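1. Build the 3D model from these lines:
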Amino acid sequence: MKKIFPIFASLLLLLSCAAQSGAVNAKELADKTYVLQSINGVGFASRERTPEIQFDETMRVAGQVCNRFMGQGQLKDDVLIVPEMATTMMLCADPQLNDMEREFASFLRQGMKVSLQGDTLSLSNGEITYIYNAR
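-> Numbers count the residues shown, from 1 in each chain. As a prediction, this is how the structure comes out:
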């Protein structure tokens, strides 16, 4: 019994560390619609549309700002990359929303750090952080 306890304690410690690693996986992101709440801590309110993003278990990414977008994402080491995206080609009446959409699409193509805490999704490129809540 004295030899089993240290082995059991070590196993629990390893499992605890693994559970706290924070790595996001496709299953955790899948089958939810995430609605944009803020950009760099500033609340987001749009008169036209509220941007959203969705994932499936194969990391297929879809969403909308003014335009709908979709593409096959890759998730590695908590970085999401969507190298090729298809989009519709409409303009928003709000020029700032158009700029945000172009910028966001560019960031997705280059890669964004992903974190998920409960129903709060964070996408960041180091300069800009988008915070979404699951609907």
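2. got the residue ranges for the strands in this structure?
-> Ranges of strands in the chain, per DSSP state E, are 33-39, 42-43, 52-55, 60-64, 68-72, 74-76, 79-81, 85-87, 112-117, 120-124, 129-134.
3. closest one to residue 96 among those?
-> Closest approach to residue 96 among the strands of the chain is made by strand 33-39 (10.7 Å; Cβ to Cβ). Using the backbone N, CA and C atoms, a C-beta is placed for each residue, glycine as well.
4. Partner strands of the closest one, with direction?
-> Strand pairing for strand 33-39, using DSSP bridges, gives strand 42-43 (antiparallel), strand 52-55 (antiparallel), strand 129-134 (antiparallel).
5. any chance of the ones you listed in a markdown table, plus mean neighbour count and distance to residue 77?
-> Shown next, in a markdown table, are the strands paired with strand 33-39 (neighbours: other Cβ atoms under 10 Å; distance: least, Cβ to Cβ, whole Å):
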| stretch | mean neighbour count | distance to residue 77 |
| --- | --- | --- |
| strand 42-43 | 8 | 28 |
| strand 52-55 | 20 | 17 |
| strand 129-134 | 18 | 18 |
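6. coming back round to it: present the strands of the chain as CSV; the columns should include distance to residue 104 and mean pLDDT.
-> Shown next, in CSV, are the strands of the chain (distance: least, Cβ to Cβ, whole Å; pLDDT from 0 to 100):
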stretch, distance to residue 104, mean pLDDT
strand 33-39, 9, 96
strand 42-43, 15, 92
strand 52-55, 9, 97
strand 60-64, 9, 96
strand 68-72, 9, 97
strand 74-76, 17, 95
strand 79-81, 12, 97
strand 85-87, 10, 95
strand 112-117, 9, 97
strand 120-124, 8, 98
strand 129-134, 7, 97
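7. Make CSV out of the ones you listed and add distance to residue 95.
-> Formatted as CSV, the strands of the chain follow (distance: least, Cβ to Cβ, whole Å):
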stretch, distance to residue 95
strand 33-39, 16
strand 42-43, 17
strand 52-55, 21
strand 60-64, 18
strand 68-72, 19
strand 74-76, 31
strand 79-81, 27
strand 85-87, 17
strand 112-117, 23
strand 120-124, 22
strand 129-134, 19
